[in-house]
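Novice: predicted coordinates and the sequence they were generated for:
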Amino acid sequence: MGIIAKQSFFNSITIALAFLIGAFNTVFLYPTYMGSEFQGLIVALLALSNLVQPFVSFGVQHALIKFYSTCKTKEERDRLLSLSITLPLIIFAIIILLSVTFQNEIIAFIASKNEAIGKYAFLIVAVAFSTAMFEVFYNWLRIQLHSVYGNFLKEFYPRALIFTLLLLYAFGGLDLSGFIYALIIGYYLRLVLVISYSLIKYTPKFSFKLPQQFKPIFRYSLLIFMSGTAASLILDIDKSMISNVLTVDNVAYYSVAVFIASVIEFPGRAMFQIISPLVAQALNNNDEERLLLLLNKSANNLLLGSGLLFLLINLNLIDFYQWVNLDGYAKALDVVLIISFGKLFSMSMGCLNNIITNSKYYQYVFWFSSASAILAVVLNLYFIQLYGIIGAAYATLIVIVVINLLKIMLVQIAFKMNPFGKKTILTLIAIFGLYGIFSNFSIDFSPLVSLLIRSLLIVIAFSFVTYFLRLTDDFQGFLTNLFTSRKKS
């Protein structure tokens, strides 16, 4: 697990910085200088772009990870990369042709409630293609176990780009149209950077010959494409439906709340960058012992790290909203807590999703994603009309819980393993026990001071409980070394 720990550490730093900048963008720059209407517009456009992106990539970025370790020669690896580049280019050309042919009909459909979305609809396809090609080359770096730079471009770069553009917008250097054009240019600059670095690390000989495993690769890509389409629908259908059923202002309120809750996933996002290729390798080598080790350690560590973030976020939520003075946005306070439960559950599963995706049971991903998409549409349609943006949060939580339970059952039946154990129960008791204690703990200072004091107390209490309950070996070793070094000094 050394390489996982090393690269996960650097990836964690990148993602932490990305979240900080993203938080500043989301809760201050956007609301202060663009307002909820324009913020909702940008978020809605990028959400629609995420819905289109799987159509362009066609799942080939995931096929790279699954089939790379089965390619025994450089020629086969080069053919695999060549196919991964060529197929999205062909699909993108078809999408452009269809977009031009049915331009009026497409714009009329997506802009039925907001004309501005139709005016800037070109961003949807432009960013979708850039993101799809980026994922191909980024996964090529992950396969080579060079995830740090790619992770920097994936997580930090887009948020830093938006931060820069928002400052230019704030000081009158850009209007809304200029902001959107600059955003597209920035995404393509990122693509150029990842392509250049990928070719430095591994320079393939481009080939139009199909890989020997073309049929299984194509079948896998097709199913992952259909799964990815459904998964993207799950991620962004709530924002799209909020903009249609309610207003784009509510999209902004909801997006800020979801962004805050998504911070809980940051330990997982750091770990999964490097662990996915290792899971694929263990599966291809039929190394069940290694697979179980990866699953258990990732599940224990992620539940612990995400649990601490769960406490820090939700116990400081009111003070945080008061500190940043988000007028109107506070109506989505409950959204943060509801989504947080779903994020925490997902993190408790460790690398279980990677096991399914890279195993012979990958076809189940399609059925899970399809069921999730259908359930998400039905629940969002019902709950948004009934409860507004809080209803969208309930819909998301229900989908996460139901589908994750099905995934756990599949891995248990197929591999006779699951991510849970005695330490899972102890960790959950620690998390919710501390939540119960600190939720009744009042600090009467200014919002910022209260937030800092409460956060410090939570970290100390959580570290104390974690150490004495010996919840994870990695954290236990870290604290033991820390205490030992202090005694020596």
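Specialist: That came through, no problem. Numbering: from 1, shown residues only.

Novice: can you tell me the SS state at Pro204?
Specialist: For Pro204, the assignment made with DSSP: H, G, I helix; E, B strand; the rest coil gives coil.

Novice: before we move on, what about Ile356?
Specialist: helix.

Novice: doesn't Leu410 make contact with it?
Specialist: Yes. Between Ile356 and Leu410 there is a contact at 6.5 Å, judged by CB atoms under 8 Å. In this view, the C-beta of every residue, glycine as well, is placed from N, C-alpha and C.

Novice: name the residues contacting each of these two.
Specialist: Common contacts of Ile356 and Leu410 (CB atoms under 8 Å, 6 or more residues apart in numbering): Tyr364.

Novice: and the closest residue to Met417 other than its chain neighbours, how far is that from Ile65?
Specialist: Distance criterion CB to CB, 6 or more residues apart in numbering; nearest residue to Met417, sequence neighbours excluded, is Leu292 at 5.3 Å. Distance of Leu292 to Ile65, given as CB to CB, to the nearest Å: 20 Å.

Novice: which one of the two has more residues nearby?
Specialist: Remark: of Leu292 and Ile65, Ile65 carries more neighbours, 20 against 17, as counted by other CB atoms under 10 Å.

Novice: pretty sure the more buried one is in contact with Leu278, am I right?
Specialist: No. Ile65 lies out of contact with Leu278 (CB under 8 Å); the separation is 10.2 Å.

Novice: where in the chain is the helix or strand with the lowest mean pLDDT?
Specialist: helix 473-488 (a mean of 56; mean pLDDT, DSSP states H and E).

Novice: now do Gln212, the pLDDT please.
Specialist: Turning to Gln212, the model gives it a pLDDT of 75.

Novice: which positions within the helix or strand where Leu428 lies qualify as buried?
Specialist: Assigned by DSSP states H and E, Leu428 belongs to helix 422-439. Across helix 422-439, burial judged by 16 or more other CB atoms under 10 Å covers Lys423, Thr424, Thr427, Ala430, Ile431, Leu434, Tyr435, Phe438.

Novice: likewise stretch 360-374?
Specialist: For stretch 360-374, burial by neighbour count (16+ other CB under 10 Å) applies to Tyr362, Gln363, Tyr364, Val365, Phe366, Trp367, Phe368, Ser369, Ser370, Ser372, Ala373.

Novice: okay, now Arg219: neighbour count?
Specialist: Neighbour count of Arg219, defined by other CB under 10 Å: 14.

Novice: low-confidence ranges, the stretch 201-350 of the chain, go.
Specialist: 227-249, 270, 273, 324-330 (pLDDT under 70).

Novice: now with 80, please.
Specialist: Within the stretch 201-350 of the chain, the ranges that satisfy pLDDT under 80 run 202-205, 207-214, 219-256, 259, 266-278, 280-281, 284, 321-332.

Novice: OK, contacts around Leu312?
Specialist: Ser455, Ile458, Val459.

Novice: give me the nearest residue to Thr32, chain neighbours excluded.
Specialist: Looking at Thr32 with CB to CB, 6+ apart, the closest residue is Ala170, at 7.6 Å.

Novice: same thing with Tyr253?
Specialist: That would be Ala332: by CB to CB, 6+ apart, it lies 4.4 Å from Tyr253.

Novice: pretty sure Glu288 contacts Ala414?
Specialist: No. Between Glu288 and Ala414 there is no contact, the gap being 11.4 Å when judged by CB under 8 Å.

Novice: who does the helix holding Leu428 touch, helix- and strand-wise?
Specialist: helix 288-315, helix 447-469 (3 or more CB pairs under 8 Å, 6 or more residues apart in numbering; DSSP states H and E).

Novice: got those as TSV, with distance to Met349 columns?
Specialist: Formatted as TSV, the helices and strands packed on helix 422-439 follow (distance: least, CB to CB, whole Å):
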stretch	distance to Met349
helix 288-315	6
helix 447-469	20
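
Novice: just the ones you listed: most buried one?
Specialist: helix 288-315 (a mean of 21; mean count of other CB atoms under 10 Å).

Novice: quick one: distance of that helix to the chain centre.
Specialist: Distance of helix 288-315 from the chain centroid (CA atoms, centre = their mean, to the nearest Å) equals 16 Å.

Novice: over to stretch 97-104?
Specialist: Centroid separation for stretch 97-104 versus its chain: 31 Å, with CA atoms, centre = their mean.

Novice: that one: which residues count as buried?
Specialist: Ser99.

Novice: do the same with stretch 276-284
Specialist: Here stretch 276-284 shows Ser276, Pro277, Leu278, Val279, Ala280, Gln281, Ala282, Leu283 as buried, counting by 16+ other CB under 10 Å.

Novice: and stretch 403-413, by the same measure?
Specialist: Buried-residue list, stretch 403-413, by 16+ other CB under 10 Å: Ile403, Asn404, Lys407, Ile408, Leu410, Val411.

Novice: name the surrounding residues that touch it.
Specialist: Residues contacting stretch 403-413 (CB under 8 Å, 6+ apart): 345-346, 349, 352-353, 355-356, 361, 364, 368, 371-372, 375, 417-419.

Novice: which pair of these spans the longest distance?
Specialist: Among these, the pair separated by the greatest distance (CB to CB) is Leu375 and Met417, at 26.3 Å.

Novice: give the contact list for the residue lying closest to Phe214 once chain neighbours are set aside.
Specialist: Spatially, and ignoring its direct neighbours in sequence, Phe214 is nearest to Leu83 (7.4 Å; CB to CB, 6+ apart). Counting by CB under 8 Å, 6+ apart, Leu83 touches Val60, Leu210, Pro211, Phe214, Ile217.

Novice: what's the nearest residue to the residue nearest in space to the middle of the chain if we skip its chain neighbours?
Specialist: When CA atoms, centre = their mean is applied to the chain, the residue found nearest the centroid is Arg269 (6.6 Å). Nearest residue to Arg269, sequence neighbours excluded (CB to CB, 6+ apart): Ile15, at 5.5 Å.

Novice: if we can go back for a sec, can you list the buried residues of stretch 276-284 in TSV and add distance to Lys205 and secondary structure?
Specialist: Below are those laid out as TSV (distance: CB to CB, whole Å; DSSP: H, G, I helix; E, B strand; the rest coil):
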residue	distance to Lys205	secondary structure
Ser276	26	helix
Pro277	22	helix
Leu278	27	helix
Val279	29	helix
Ala280	24	helix
Gln281	24	helix
Ala282	29	helix
Leu283	28	helix
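
Novice: quick one: which of these is nearest Asn250?
Specialist: Of all the buried residues of stretch 276-284, Ser276 has the smallest distance to Asn250: 34.9 Å, by CB to CB.

Novice: go ahead and confirm the closest one touches Arg142.
Specialist: Yes. Counting by CB under 8 Å, Ser276 touches Arg142, with 6.8 Å between them.

Novice: find residues that contact each of these two.
Specialist: Ile65.

Novice: if we can go back for a sec, quick one: pLDDT of the residue nearest to Arg269?
Specialist: At Ile15, the model reports a pLDDT of 73.

Novice: distance check, it against Glu155.
Specialist: With CB to CB as the criterion, Ile15 and Glu155 are 5 Å apart.

Novice: need the residues touching each of these two.
Specialist: Common neighbours of Ile15 and Glu155 (CB under 8 Å, 6+ apart) are Arg269.

Novice: tell me how far Ser99 lies from Asp287.
Specialist: For Ser99, the distance to Asp287 - CB to CB - is 46 Å.

Novice: cool, and Arg269?
Specialist: Computed as CB to CB, the Arg269 to Asp287 distance reads 25 Å.

Novice: for Trp140, which three-state class applies?
Specialist: Secondary structure, three-state DSSP: Trp140 is helix.
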